[in-house]
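K.L.:
Just need the structure, nothing else, for what follows:
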Amino acid sequence: MKGAKNSRIQIRSSIIPLLACISSFYLTASLADSVTKDEAKQLRNEVGEMFYHAFNGYMDNAFPLDELKPLSCSGEDTLGGYALTLIDSLDTLALLGDRERFTASVEWIGKNLRFDMINKTVSVFETTIRVLGGLISAHLIASDYATGMRVPSYDNQLLNLAEDLARRLLPAFDTPTGIPFGSVNLLHGVDKHESKITSTAGGGTLTLEFGVLSRLTNDPIFEQVTKNAVLAIWAQRSKLNLVGAHINVFTGEWTQKDAGIGTSIDSFYEYLLKAYLLFGDEEYLYIFQEAYAAAMHYLYHDPWYVEVNMDSAAIVWPLFNSLQAFWPGLQVLAGDINPATRTHAAFLSVWRRYGFTPEGFNLASLSVQHGQKSYPLRPELIESTYWLYKATRDPRYLDAGRDMLASLQYGTRCPCGYCHISDVEHHKQEDHMESFFLAETVKYLWLLFDLAVGPDNLVENGPYKYVFSTEGHLLPATPQISLVREHCLYYGAYCRSGDLRQTYFVSEAEKDKHKSNDSRFYGSWTKSTYSSDYTTSEASASSGLIKGFCPGLNHGQKFGLSYMHSNDEHSDRETIQREEPTTVQSHSVMLLPAQSSDRSVPESGNDHNDSQTSESDVTS
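P.N.:
Residues are numbered from 1 along each chain as shown. As a prediction, the model looks like this:
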């Protein structure tokens, strides 16, 4: 162990100049003939065939078990034993316009799925993003004539299942901090021996699914507990505005202080921004701006990202892990295009070197990290490729998509589906296919090429703008979901009421709108103006949660963002006020205006690269 420690010290001292040296090498992308419109159409159709090879393989050989074993053409229960892959695939079927299979799948699930018969302990995080998100997304598509995929026999069966499932997950949030346990039994709640340690992503990536469910059921409890979890995690941030990887849900103490944008943390950042985009909740935007600025200051070594100690910002691991690859796509949504393009090029170079992205690539040795050689069909790099092409229309992203499609076809295709790669250096196949391959990997590839052809799908030409969940599920910005509204529930707030299911806070101006015209009450999904005088009002059955800021508080107090330290020290620095951006629209992409990454951040004794990126216009 002592030798390992000395080795880590040597890596820390040499990694910064090394990163600078290898940046130019990995940013030199190989040039390829650009994808023509006709070729894009062929590639899109090839992706469609890829989906049905895997989907039919699952339905013929594994259904109703959770996932397919594509080499042996059999199935296995991996999560809860409730036809996981079918649920995860529902909105992809709708996106492809497959009315017959979508209808049949929705009807089967509505008739046969019951959670009160499942005596299993499941991951709160995975169950939320795959099952709950899949059910909610499919419900919103199947119940709405405007989507073109309305199921005639549908009568809210999936929504009822989603609500039942979410209530079975609620006991996980019964902790002193409000941060949920990592697992819960669907019949009996949390086991007394359940671990008190959870990941930051696991506790902070539940807001979209639970928030949408609150707005569909008019019950704020789902949105309330998940937002409290996010606030509790953020309250434990370091003085550098960084969060660690694992935390004790009872004490709030960090059990792993490695800060990064990848494993165990990734989607915490993602849901901060997306919760703002979908719900219009400026509290999430404020936290995202603070967290993003810190990440770009302490973790970003252009074009790579490293893991650092959350307190000192000392480099812990000079490692690219495959889950980091979602980050350029998130930067597109945040309007920070320049660093996104450079980082994407670096990540893509790793894919092109091996044919896939390994779970870990060591930036010090320029080799695959020991023990992290696999590629489990992850979608993150393809997801970022789609968003960058959507924002820039640069043909190099179509070239990248073509390369990645070829890798998947020639390296992972199996008799009944697509296989994990257990070793990217030798392309050894493994008998497993995660449900997210159909929910995300294929979906983003199809959307990429369809966009180049001239899009004709639910996302690009449908009735709503969409936010994609971290599992790739489509969550529409309908008035019922995206209306700018929020009950006044903040740590330190003075306007907290007793019964949150009965009483909400609404401005007199908004009350007048609601009385005169119900449709105007929903207003625009973009930023709204509020009156400074707020009173208590009974919420109607149709309005759900209503936006309202607590009066008489400064910016930090208004958002109730507690700041805690295990040693009871408190930061004296003032929160820097920034002009709040407004949302802009690029086709169906929800974006924030371009932002420079060189934000003001807390001073540190460590000399790290500052991101010096100019503003970039997001076009489509």
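K.L.:
The residue nearest to G182 when sequence neighbours are not counted sits in which helix or strand?
P.N.:
Nearest-residue entry for G182: T198, 4.3 Å, with adjacent residues in sequence omitted and distances by Cβ to Cβ, 6 or more residues apart in numbering. Where you see a C-beta, it was placed from the backbone N, CA and C, and this is true even at glycine. Under DSSP states H and E, the secondary-structure element containing T198 is strand 197-199.
K.L.:
so what strands line up beside that strand?
P.N.:
Strands that pair with strand 197-199, judged by DSSP bridges, come out as strand 246-248 (antiparallel).
K.L.:
ok, the very next helix or strand once past the strand it pairs with: who's next to it in the sheet?
P.N.:
Next in sequence after strand 246-248, counting helices and strands by DSSP H and E, comes strand 254-256. In the sheet containing strand 254-256, its partner strands are strand 246-248 (antiparallel), by DSSP bridges.
K.L.:
For the strand it pairs with, give me every contacting residue.
P.N.:
Outside strand 246-248, the residues within contact range by Cβ atoms under 8 Å, 6 or more residues apart in numbering are 179, 196-200, 203, 233, 236, 253-256, 264.
K.L.:
So for it, mean pLDDT?
P.N.:
The average pLDDT for strand 246-248 rounds to 98.
K.L.:
now it, how far from the centre of its chain.
P.N.:
For strand 246-248, the separation from the chain centroid amounts to 20 Å (computed by Cα atoms, centre = their mean, to the nearest Å).
K.L.:
tell me which residues in that strand are buried?
P.N.:
Counting neighbours by 16 or more other Cβ atoms under 10 Å, one finds that the buried residues in strand 246-248 are H246, I247, N248.
K.L.:
what's the neighbour count on the residue lying closest to the last one once chain neighbours are set aside?
P.N.:
Spelled out, that is N248. Nearest-residue entry for N248: K196, 5.3 Å, with adjacent residues in sequence omitted and distances by Cβ to Cβ, 6+ apart. Close neighbours of K196, defined as other Cβ atoms under 10 Å, add up to 17.
K.L.:
wait, doesn't K196 sit right on E253?
P.N.:
No: if you go by Cβ atoms under 8 Å, K196 and E253 don't touch, sitting 9.9 Å apart.
K.L.:
Could I get the phi/psi values of S137?
P.N.:
Backbone torsions for S137, taken as degrees, to the nearest 10, come to phi -60, psi -50.
K.L.:
K69 versus E107, what's the distance?
P.N.:
When Cβ to Cβ, to the nearest Å is the yardstick, E107 and K69 sit 26 Å from each other.
K.L.:
which one of those two has more residues nearby?
P.N.:
A direct count of neighbours by other Cβ under 10 Å for E107 and K69 places K69 higher, at 22 against 16.
K.L.:
Contact partners for the more buried one?
P.N.:
When contacts are counted by Cβ under 8 Å, 6+ apart, K69 is found next to N61, A62, G75, E76, C416, D431, H432, M433.
K.L.:
wait, isn't the fifth one in contact with F63?
P.N.:
By that I understand C416. No: at 11.8 Å, C416 and F63 do not qualify as touching, with contact defined as Cβ under 8 Å.
K.L.:
Neighbour count: these two, which is higher?
P.N.:
Taking C416 and F63 together and counting by other Cβ under 10 Å, C416 has the greater number of neighbours (23 against 17).
K.L.:
The more buried one: what secondary structure?
P.N.:
When classified by DSSP: H, G, I helix; E, B strand; the rest coil, C416 comes out as coil.
K.L.:
Spatially, what comes nearest to it if we skip its sequence neighbours?
P.N.:
Counting by Cβ to Cβ, 6+ apart, G57 is the residue found nearest to C416 once chain neighbours are left out, at 3.6 Å.
K.L.:
who's in contact with the helix or strand that contains that neighbour?
P.N.:
Taking DSSP H and E as the criterion, the element that holds G57 is helix 37-61. Where contact means Cβ under 8 Å, 6+ apart, the residues beyond helix 37-61 that reach it are 35, 67-70, 73-75, 85-86, 89, 92-93, 96, 101, 398, 401-402, 405, 408-409, 413, 415-418, 433, 437-438, 442, 445-446, 449-450, 452-454.
K.L.:
again, only this time at 7 Å
P.N.:
The contact list for helix 37-61, computed with Cβ atoms under 7 Å, 6 or more residues apart in numbering, reads 35, 68, 70, 73-75, 85, 89, 92, 96, 398, 402, 405, 416-418, 433, 437-438, 442, 445-446, 449-450, 452-453.
K.L.:
Can you mark which positions in that helix are buried?
P.N.:
Taking 16+ other Cβ under 10 Å as the criterion, helix 37-61 shows 39-41, 43-44, 46-48, 50-55, 57-59, 61 as buried.
K.L.:
again with stretch 149-162
P.N.:
For stretch 149-162, the neighbour count (16+ other Cβ under 10 Å) marks M149, V151, Y154, Q157, L158, L159, L161, A162 as buried.
K.L.:
repeat for stretch 91-104
P.N.:
Of the residues in stretch 91-104, those with enough neighbours to count as buried (16+ other Cβ under 10 Å) are D91, T92, L93, A94, L95, L96, D98, R101, F102, T103.
K.L.:
need these in CSV with distance to L240, secondary structure and pLDDT, can you?
P.N.:
Below are the buried residues of stretch 91-104 laid out as CSV (distance: Cβ to Cβ, whole Å; DSSP: H, G, I helix; E, B strand; the rest coil; pLDDT from 0 to 100):
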residue, distance to L240, secondary structure, pLDDT
D91, 38, helix, 98
T92, 40, helix, 98
L93, 44, helix, 98
A94, 43, helix, 98
L95, 40, helix, 97
L96, 45, coil, 97
D98, 48, coil, 97
R101, 49, helix, 98
F102, 47, helix, 98
T103, 51, helix, 98
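K.L.:
which one of the residues you listed is nearest W351?
P.N.:
Proximity of these to W351, judged by Cβ to Cβ, is greatest for T92, which lies at 22.5 Å.
K.L.:
for the closest residue to the closest one other than its chain neighbours, what are its contacts?
P.N.:
Beyond its immediate neighbours in the sequence, the residue positioned closest to T92 (Cβ to Cβ, 6+ apart) is K443, lying 5.0 Å away. Counting by Cβ under 7 Å, 6+ apart, K443 makes contact with T92, L95, G472.
K.L.:
would you list those residues in TSV and tack on distance to G355?
P.N.:
Formatted as TSV, the contacts of K443 follow (distance: Cβ to Cβ, whole Å):
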residue	distance to G355
T92	24
L95	27
G472	23
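K.L.:
Just give me how far stretch 330-344 sits from the chain centre.
P.N.:
How far stretch 330-344 lies from its chain's middle: 16 Å, per Cα atoms, centre = their mean.
K.L.:
ok, now stretch 88-105?
P.N.:
Shown here is stretch 88-105, whose average C-alpha point lies 22 Å from the average C-alpha point of the whole chain (Cα atoms, centre = their mean).
K.L.:
Just the CA atoms of it, as CSV, please.
P.N.:
Written as CSV, here are the backbone C-alpha positions of stretch 88-105 (Å, rounded to 0.1, in the frame of the first residue of the first chain):
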residue,chain,number,x,y,z
ASP,A,88,-37.1,0.4,-21.0
SER,A,89,-37.8,0.0,-24.7
LEU,A,90,-41.3,1.5,-24.8
ASP,A,91,-40.6,5.0,-25.9
THR,A,92,-38.0,3.8,-28.4
LEU,A,93,-40.8,1.9,-30.1
ALA,A,94,-42.9,5.0,-30.1
LEU,A,95,-40.0,7.1,-31.5
LEU,A,96,-39.6,4.6,-34.4
GLY,A,97,-43.3,5.0,-35.1
ASP,A,98,-44.0,1.3,-34.4
ARG,A,99,-47.6,1.7,-33.4
GLU,A,100,-48.3,-2.1,-33.4
ARG,A,101,-45.6,-3.2,-31.1
PHE,A,102,-45.9,-0.1,-28.9
THR,A,103,-49.7,-0.7,-28.5
ALA,A,104,-49.2,-4.4,-27.8
SER,A,105,-46.4,-3.7,-25.2
